[in-house]
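Participant: Pasting the sequence and the predicted model now:
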Amino acid sequence: MHPQSKYPTPSDIDNIICVRIPDLEVYLTLYNLVKAHMIHGQYGLSRLTSPCMKNKKCSKYFPKKFTDDTIVDADGFPLYQRRTNTHVIHKTDIALDNMHVVPYNTRLLLKYQAYINMEWCNQSTSIKYLFKYIHKGYDRITATIVPSISKTLQDQEPIDDIKGYLDCRMENILEKPSVTESMFSSCLVANAKYEEACSLTYDELMIMFVYERRKRLWKPRKIGFTICRLIQVPPTTDNFFYLRMMLIVVKEPTSYEEICKVDDNQYDSFRDACFIMGSLKMTDNTLEISKRLVNEVQVIFFESFS
């Protein structure tokens, strides 16, 4: 990076990363946010069932050691400033101090009011980590089509017990609700069930609603919101591409047919509906995407509600 964008000294790190419990009487809001989101607590020998416990030790190496000043070791890894003269946070009658604070950025924590682990690093692999999620494609599955095993003695093939077991299970798997009912099909049901969903597009519904995977249904969030994105769909996928384009403009659809409806007129395909909506233009037999959709970002951050 450009030298002006780097944070080479420990004092620079202290300006953006904090690992201390704020004063309750001075910074009440920040104190409550640190308590709710940034404390790594309730673990150890008294709670071996904690997700972080591996071989009776915390896999995240908590509690950390007290350090008077931030130090960057020879390998480039920082030891953040964790001073002993600290305030404490009580969770289930346990007093937790700075040794249990997950590194955070004060400004981001106040803005988004959620768990945001802020770390300082200088490894080249961090570039891959930053961008790998937004470049991930949709889920994929590999399938093969093979001739069925003949039952005649002449054409009988060697019996593959493992393959036979999987083949027997395949029909049952395809009939499971977890396969037939997707997050999107459940969204269509939520649009018909909840009045709050009537004014929301699909991406907006994911912000204000929460999906319960076990029950395969959407329900309104009780508090706050989330940050979401719709996966990128290339134009080569044809109908899926046009469907995604319609999902960011059509509100409260309860069926696939309603997604293809524009001004009370029903169209045969998502492509036709996109064209009527003005999202697409045909010029010299070439499909052009209008600027409104080209400039759409994959990840949309929403400000917190007042």
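Facilitator: In hand now; what should we look at?

Participant: Can you pull out the low-pLDDT segments for the stretch 51-200 of the chain?
Facilitator: Along the stretch 51-200 of the chain, segments meeting pLDDT under 70 span 133-180.

Participant: the strands in it, which residues?
Facilitator: 53-54, 57-58, 71-72, 78-79, 89-91, 94-96 (DSSP state E, counting those that start in this stretch).

Participant: how distant is the first one from the center of its chain?
Facilitator: I take that to be strand 53-54. Put simply, strand 53-54 sits 25 Å off its chain's centre (Cα atoms, centre = their mean, to the nearest Å).

Participant: got a list of contacts for it?
Facilitator: 43-44, 47, 59 (Cβ atoms under 8 Å, 6 or more residues apart in numbering). Every residue, glycine included, has its C-beta placed from N, CA and C.

Participant: One more: the fifth one?
Facilitator: Contacts with strand 89-91, where a contact means Cβ under 8 Å, 6+ apart, come from 21, 31, 34-35, 39, 41-42, 95-97, 100.

Participant: The residues you listed into a markdown table, with extra columns for distance to residue 220?
Facilitator: Conversion of the contacts of strand 89-91 to a markdown table gives the following (distance: Cβ to Cβ, whole Å):
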| residue | distance to residue 220 |
| --- | --- |
| 21 | 33 |
| 31 | 29 |
| 34 | 28 |
| 35 | 26 |
| 39 | 28 |
| 41 | 30 |
| 42 | 29 |
| 95 | 37 |
| 96 | 33 |
| 97 | 38 |
| 100 | 33 |
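
Participant: By neighbours, which of the contacts of strand 53-54 wins?
Facilitator: The most crowded member of the contacts of strand 53-54, judged by other Cβ atoms under 10 Å, is residue 43 (20 neighbours).

Participant: just checking, it touches residue 52?
Facilitator: Yes: Residue 43 lies in contact with residue 52 (Cβ atoms under 8 Å); the separation is 5.5 Å.

Participant: joint contacts of the two?
Facilitator: 58, 62.

Participant: Neighbouring strands - and their directions - for the helix or strand harbouring residue 219?
Facilitator: In the assignment (DSSP states H and E), residue 219 maps to strand 217-220. Using DSSP bridges, the strands paired with strand 217-220 are strand 209-212 (antiparallel).

Participant: ok, and for the strand it pairs with, which residues are buried?
Facilitator: residue 209 (16 or more other Cβ atoms under 10 Å).

Participant: can you list contacts of that strand?
Facilitator: Residues from elsewhere that reach strand 209-212 (Cβ under 8 Å, 6+ apart): 183, 186, 190, 194, 196-197, 217-221, 226.

Participant: Any chance of a ChimeraX selection covering the buried ones in those?
Facilitator: The ChimeraX selection below is limited to those of those classed as buried (16+ other Cβ under 10 Å):
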select :186,190,194,197,217,218
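
Participant: which one of the contacts of strand 209-212 sits closest to residue 266?
Facilitator: Closest approach between the contacts of strand 209-212 and residue 266, by Cβ to Cβ: residue 197, at 21.7 Å.

Participant: Let me see the contact set for the closest one.
Facilitator: 190-191, 205, 209, 218, 252.

Participant: Sketch out the helices for the stretch 101-250 of the chain, chain order is fine.
Facilitator: Assigned by DSSP state H, counting those that start in this stretch, the stretch 101-250 of the chain shows helices spanning 106-112, 125-131, 161-174, 177-180, 183-193, 202-208, 239-247.

Participant: about what we covered before: in TSV: the contacts of residue 197, plus distance to residue 264.
Facilitator: TSV is the format used below for the contacts of residue 197 (distance: Cβ to Cβ, whole Å):
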residue	distance to residue 264
190	23
191	18
205	23
209	27
218	26
252	14
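
Participant: Which of those residues sits closest to residue 231?
Facilitator: residue 205 (15.6 Å).

Participant: is it true that that closest one touches residue 218?
Facilitator: Yes: taking contacts as Cβ under 8 Å, residue 205 lies within contact range of residue 218: 6.9 Å.

Participant: Overlap in contacts, these two.
Facilitator: Counting by Cβ under 8 Å, 6+ apart, the residues touching both residue 205 and residue 218 are 187, 190, 197.

Participant: Now the residue nearest the centre of the chain: closest residue in space, sequence neighbours ignored.
Facilitator: Centrality entry for the chain: nearest residue to the mean C-alpha point is residue 228, 6.6 Å, by Cα atoms, centre = their mean. What sits nearest to residue 228 in space, not counting adjacent residues and going by Cβ to Cβ, 6 or more residues apart in numbering, is residue 206, at 4.2 Å.
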